[in-house]
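Visitor: Kindly generate the corresponding structure for this input.
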Amino acid sequence: MSTGSRPRVVLLRGHQLNSWHLRPWRHLTDRYQVTALRTRSNWFDTGAIGIETREVRALRDLLPPGRAGQMLSRIPGDRYLDLVPELTGAEIVHSQDLGFWYSMQAARHRKRLGYKLVLTVWETIPFLDAYRNVRTRPYRKLALAETDLFLAATERARMALLLEGAPEERIRICPPGVDLELFAMAAAPASPPAEHLVVSFGRLVWEKGHQDLLRAVAALRRGILPGARAPRVLIVGAGPERGRLARYAGELGIDDLVEIRAESPYAEMPSLYARASCLVLGSLQVWSWEEQFGMVLVEALAAGLPIAAAASGAIPEVLRGQGRTFPPGDWPALARLLAEGPLSRPPGERVSYEPELVEEYSSVAFADRLAAAYADVLAR
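Guide: The predicted structure follows:
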């Protein structure tokens, strides 16, 4: 139940609970009683989340670890097993995207439990039913019907929602935010790095474009594209392409320059930015995904770190002319951009970005947008 006059908000993210998306909710705890539900199979670090979390069992938690258990959970469809008691007494339940099983569950219980349903939407590709798998088609239908307020992360996501059939009057644009103070140390590192380091964060999958960064660095080392000495590379993430990326670095002759690291705790991310000369986000579009936002872009803006990003998905909208972009997959263009930009300057040199844009992406500004959205939906 709610505590005093603070409405109770329950956050659902399935196995995707993480510090970088949900940490800003701590700014709302004086106005709302906020709880995030966490499964035992959660994928990401939640150590810096800063709000109350409660463990709730999901079907995936009962199955064997690894790919076998993941496939088994899809046969009946994953779900929370003890969800109703956690949602009882909530004024707002806040989930994300139309096609997730936990959004379906939140939509299914909405009328009976009497809460308002808010849905953050990152998806920028309007799949409708034709391009969704059979299982998630009813999820989409139920979420569209039962959601009281859609919070589109970008204008691109808003337009996708309209094509999906969401009513325009139930959509707000609400971009996320990061802790500017957390990344302030990376904007002014205590001691400048001695050599150039380029960082690339994200899932180790083809569509994140890590392989294009490796190609660009190899071209610089071999002199195929002259102009700068090849930098060191740090790739941080988890996923099925880890072995292939390591092998590819060896075949390209740059394995001595490349480190591939599993995901780091969120609290340690500023120290990685502090060591770097540039962030590269080389996202590529595939039929089922394109870059929906790119939280690392906002973190780099806050840290004053030079940015080289593929002009795909929502990236140009998020950057609004800040940083540098290159055509997706165009690794020669990326190599030239690196050589002419950050690699031509002293290691670790910082750049200035528009203060208004950086402040718009602050966790405080995001929390204010959330508070206004919650007040609006509760008044309906």
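Visitor: burial count for R350?
Guide: Using other CB atoms under 10 Å, R350 has 16 neighbouring residues. (Glycine included, C-beta is placed from N, CA and C.)
Visitor: residues contacting it?
Guide: 187-188, 303-306 (CB atoms under 8 Å, 6 or more residues apart in numbering).
Visitor: mind redoing it with 10 Å?
Guide: 186-189, 192, 277, 303-306 (CB atoms under 10 Å, 6 or more residues apart in numbering).
Visitor: where's stretch 273-282 relative to the chain centroid, distance-wise?
Guide: 16 Å (CA atoms, centre = their mean, to the nearest Å).
Visitor: Need the distance between the two termini of that stretch.
Guide: Chord length of stretch 273-282, first to last residue, is 17 Å (CA to CA, to the nearest Å).
Visitor: how many neighbours does the spatially closest residue to T136 that is not a sequence neighbour have?
Guide: Leaving aside its sequence neighbours, T136 sits nearest to G99 (CB to CB, 6 or more residues apart in numbering; 4.1 Å). Per other CB under 10 Å, the neighbour tally for G99 reads 17.
Visitor: and G99, what does it touch?
Guide: Contacts for G99 were tallied using CB under 10 Å, 6+ apart; they are 123, 127, 132-133, 135-137, 139-140, 143.
Visitor: Looking at the contacts of R350, which is nearest P346?
Guide: Ranked by distance to P346 (CB to CB), the contacts of R350 are led by P192 at 6.8 Å.
Visitor: give me the number of residues near P327?
Guide: Neighbours around P327, by other CB under 10 Å: 12.
Visitor: Repeat that for the one 5 residues further on.
Guide: Counted with other CB under 10 Å, the burial measure for P332 works out to 15 neighbours.
Visitor: and it, what element?
Guide: Using DSSP states H and E, P332 sits in helix 331-340.
Visitor: neighbouring contacts of that helix?
Guide: 196, 198, 209, 211-220, 224-231, 277-278, 280, 282, 306, 308-310, 324-327, 330, 343-344.
Visitor: in the stretch 51-200 of the chain, which spans are strands?
Guide: 52-55, 92-96, 116-121, 149-152, 171-173, 197-201 (DSSP state E, counting those that start in this stretch).
Visitor: now for the third one, which elements pack on it?
Guide: Here strand 116-121 is seen to pack against strand 8-11, strand 92-96, helix 101-113, helix 136-146, strand 149-152, helix 155-164, strand 171-173, helix 363-378 when contacts are counted using 3 or more CB pairs under 10 Å, 6 or more residues apart in numbering; DSSP states H and E.
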